[in-house]
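J.: give me coordinates for this.
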Amino acid sequence: NLEIEIENYSPNLSEAATMNARAFFDPQAALNTSILSSNLPVTNILQTGESNSQITKSWSVNPSLQENLPGGGTATLSLNFNRISTNGLYVFINPVYTSTVGLTITQPLLRGFRRTPVERQIVVARLNERISESQFRQKVAYIVEQVIRDYWRLAVTVEYYEARRLARDVAVMEYEDTRRRLEEGQETPLALASKRSDAASHDQALTQAEVQIVQAANNLKRLLAASVFDPLWNMGLIAADRPEAPNDAKQPSASLDEAIKTALERRPELEQLRAQAQQSSAEVRFAQQETKPAVNLRLEVLSTGDAGRVYALNADNSVSQTPDPANPNYGGLAKSYSAALSVQHPSIAGGLEIKLPIRNRAANSQLTTAELGSRRVQSQIRAAQEDILVEVRNAWETIAAQRRDVEAATLAVRVAEERLTAETAKSAGDSSKIELPRVQRDVADARVRELQALIDYRLSQVSLEKATDTLVDDQQIVLARRQGNK
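T.: Next up, the predicted model:
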């Protein structure tokens, strides 16, 4: 069924929305690089000696990894690698490699702690998944009910067509008999005109009955066909089954109170409203958090390591041009990175940021709106419970009324068949040739009414099954779990 296929996309879309919301907590990797070459004039001979330019060359590579933490905080792990060389006279490590390893954590302590916009979005998205699943089950139950109703509608329209055909044949026979009697002077032209009109009316009723068969078959095909190219559209449909007569074994096994309890527990409309109530509660909790002051804690830990080409110092502490490989800082980028990881030179920083909203009307308005929305959903739940209560009671009481209707229709058929038996026995004697077809017509009409009563009785049972949300289970339909639903 295409409607079920369309509805089946909703749970998948809701699951994708949940995945999108959770993506906020996916780590983010970043890489920043830079290169610099500067040539500056000097104003002091002590900077570069006899050179009239101070030349500095550097490059840096800064990879980082950031992740948003549950609870509203963020953690950033950063690395910094750079190399600097210069022609300055007083630099005894040249070029110098500097590596920095840092961890920075920021965490809200009041507003934004735990109840963040993203976490609210995740809660809402998860509940939307439940709502979509419930709506899908509701759509399946609706389609199953429509298939059952259209199937029995097709069955009764075929029977009705046969009854109308017999009625048309009787009307034609009555017209011919009246015309004969008019020729014999026993009837008036007015009577003949009345019979002609009656025959025309039965022709029209027969045509309408044929149209009803076509419409009932097409409606049923619409529910069963997979597409406009389905071979089912070119096939004829015949309702081969007949609804069973009422019996005590087919009566509802549960009491009215049990049926009401089952409906209130299982109905998808209530399940959807309960999920909406949980969404509203999440909105209220978030809005309450937003009315608090913002207190944000920031902690930062850094470790720095340096290495490079180290030059020995002269006796007067001036920098010589002789490398000093024995110096602990002598080395390259790997040496500076190793020094940073060994935490030889740690730095720790902390801070607290406080923001106090004045009046805070926006947050208070948001909280009021969320609370009103939550109370409205609770009222909707109570209203839906009352509607379901009425629906279950109506379906339950309708079953008993329809059963009495079936009994009356069955009795009418039996009386009509007894009359037909008697008329058939008389047909060999003096009985009129028209009277037997009339009785056959009456029997056909009685059988149509009996079939309609049986169908109405069966549909009243279907209505109760739908009202208690047991229709899909009673039809032994299994809804497969979606691949992504774990």
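J.: for the stretch 101-250 of the chain, which spans come out with low pLDDT?
T.: 248-250 (pLDDT under 70).
J.: in it, which spans are helices?
T.: In the stretch 101-250 of the chain, the helices defined using DSSP state H, counting those that start in this stretch lie at 117-183, 189-224.
J.: and for the stretch 351-486 of the chain?
T.: Under DSSP H, counting those that start in this stretch, the stretch 351-486 of the chain gives helices at 361-426, 435-467, 471-474.
J.: list the buried residues of the second one.
T.: Residues of helix 435-467 classed as buried under the neighbour-count rule (16 or more other CB atoms under 10 Å) are 436-467. C-beta here means a position set from N, CA and C on the backbone, and glycine is covered the same way.
J.: that one vs helix 361-426, what angle?
T.: 160 degrees (axes from the mean of the first three to the mean of the last three CA atoms, to 10 degrees).
J.: can you offset everything so residue one is 338?
T.: I'll keep to 338 as the first residue from here, and by that count the last item is helix 772-804.
J.: ok, the closest residue to N345 other than its chain neighbours - contacts?
T.: Among residues not flanking N345 along the chain, F473 sits closest, at 6.1 Å (CB to CB, 6 or more residues apart in numbering). Going by CB atoms under 8 Å, 6 or more residues apart in numbering, F473 touches I341, E344, N345, S347, P348, L816.
J.: out of those, who has the most neighbours?
T.: P348 (21 neighbours; other CB atoms under 10 Å).
J.: pull out the buried residues from whichever strand or helix holds that one.
T.: Using DSSP states H and E, P348 sits in helix 346-359. In terms of neighbour count (16+ other CB under 10 Å), helix 346-359 has its buried residues at S347, P348, S351, E352, A354, T355, A358.
J.: got the contact list for that helix?
T.: Contacts of helix 346-359 (CB under 8 Å, 6+ apart): 455, 458-459, 462-463, 465-466, 468-470, 472-473, 819, 821-822.
J.: can I get the next helix or strand after it in CSV, CA atoms only?
T.: Downstream of helix 346-359, the first helix or strand assigned by DSSP H and E is strand 365-378. Taking C-alpha atoms only, strand 365-378 is exported to CSV below (Å, rounded to 0.1, in the frame of the first residue of the first chain):
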residue,chain,number,x,y,z
GLN,A,365,36.2,18.2,15.4
ALA,A,366,39.7,18.1,14.2
ALA,A,367,41.4,21.3,12.9
LEU,A,368,44.8,22.3,11.5
ASN,A,369,46.2,25.8,11.3
THR,A,370,49.5,26.5,9.5
SER,A,371,51.4,29.7,9.0
ILE,A,372,54.8,30.9,7.6
LEU,A,373,56.5,34.2,8.2
SER,A,374,59.6,35.9,6.9
SER,A,375,60.4,39.5,8.1
ASN,A,376,63.2,41.9,7.3
LEU,A,377,63.2,44.9,9.7
PRO,A,378,65.6,47.8,9.9
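J.: before we move on, the earlier item: which one of the helices of the stretch 438-587 of the chain lies nearest to S422?
T.: helix 454-520 (45.4 Å; CB to CB).
J.: next one: the closest one to chain centre, how far?
T.: 27 Å (CA atoms, centre = their mean, to the nearest Å).
J.: orientation of it relative to helix 526-561 in degrees?
T.: Using the same axes, to 10 degrees: helix 454-520 against helix 526-561 is 150 degrees.
J.: just to check, I480 is in contact with N338?
T.: Yes. Counting by CB atoms under 8 Å, N338 is a contact partner of I480 at 5.3 Å.
J.: mind listing the shared neighbours of those two?
T.: The contact lists of I480 and N338 share L560, where a contact means CB under 8 Å, 6+ apart.
J.: OK, contacts around L519?
T.: Counted by CB under 8 Å, 6+ apart, L519 has contacts T525, P526, A528, L529.
J.: by neighbours, which of the residues you listed wins?
T.: L529 (16 neighbours).
J.: quick one: mean pLDDT over stretch 377-392.
T.: The average of the pLDDT scores along stretch 377-392 is 69.
J.: kindly report the same for stretch 663-679.
T.: Mean predicted lDDT for stretch 663-679 stands at 88.
J.: using PDB, write out every CA atom in that stretch.
T.: Listed in PDB are the C-alpha atoms of stretch 663-679, where the atom choice follows Å, rounded to 0.1, in the frame of the first residue of the first chain:
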ATOM      1  CA  ALA A 663      76.000  18.600  25.200                       C
ATOM      2  CA  ASN A 664      73.400  21.200  26.100                       C
ATOM      3  CA  PRO A 665      70.100  19.500  27.200                       C
ATOM      4  CA  ASN A 666      68.100  21.700  24.800                       C
ATOM      5  CA  TYR A 667      70.200  20.800  21.800                       C
ATOM      6  CA  GLY A 668      68.000  19.000  19.200                       C
ATOM      7  CA  GLY A 669      65.200  19.400  16.800                       C
ATOM      8  CA  LEU A 670      61.400  19.400  16.700                       C
ATOM      9  CA  ALA A 671      61.200  15.900  18.100                       C
ATOM     10  CA  LYS A 672      63.200  17.000  21.100                       C
ATOM     11  CA  SER A 673      61.000  19.900  21.800                       C
ATOM     12  CA  TYR A 674      57.900  17.800  21.500                       C
ATOM     13  CA  SER A 675      59.300  15.200  23.900                       C
ATOM     14  CA  ALA A 676      60.100  18.000  26.400                       C
ATOM     15  CA  ALA A 677      56.500  19.300  26.100                       C
ATOM     16  CA  LEU A 678      55.100  15.800  26.800                       C
ATOM     17  CA  SER A 679      57.300  15.400  29.800                       C
END
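J.: going by neighbour count, which residues in it are buried?
T.: Neighbour-count burial for stretch 663-679 [16+ other CB under 10 Å]: N664, N666, Y667, G668, L670, K672, S673, Y674, A676, A677.
J.: so what touches that stretch?
T.: Stretch 663-679 has contacts (CB under 8 Å, 6+ apart) with 418, 420, 430, 434-438, 640-647, 660-661, 682.
J.: how about stretch 742-754?
T.: Against stretch 742-754 from outside (CB under 8 Å, 6+ apart): 582-583, 776, 779-780, 783-784, 786-787, 789-791, 793-794.
J.: one step back: which pair of the contacts of F473 spans the longest distance?
T.: Across the contacts of F473 (CB to CB), the longest gap, 13.7 Å, separates S347 and L816.
J.: widest-spaced pair of the contacts of helix 346-359?
T.: The most distant members of the contacts of helix 346-359, if one measures by CB to CB, are V455 and F473, lying 26.8 Å apart.
J.: before we move on, the earlier item: ok, so of the contacts of L519, who is nearest Y498?
T.: Comparing those against Y498 with CB to CB places L529 closest, at 27.7 Å.
J.: show me the contacts for the closest one.
T.: By CB under 8 Å, 6+ apart, L529 lies in contact with Y512, T515, R516, L519.
J.: out of these, who's the most crowded?
T.: T515 leads the contacts of L529 on contacts (other CB under 10 Å) with 22 neighbours.
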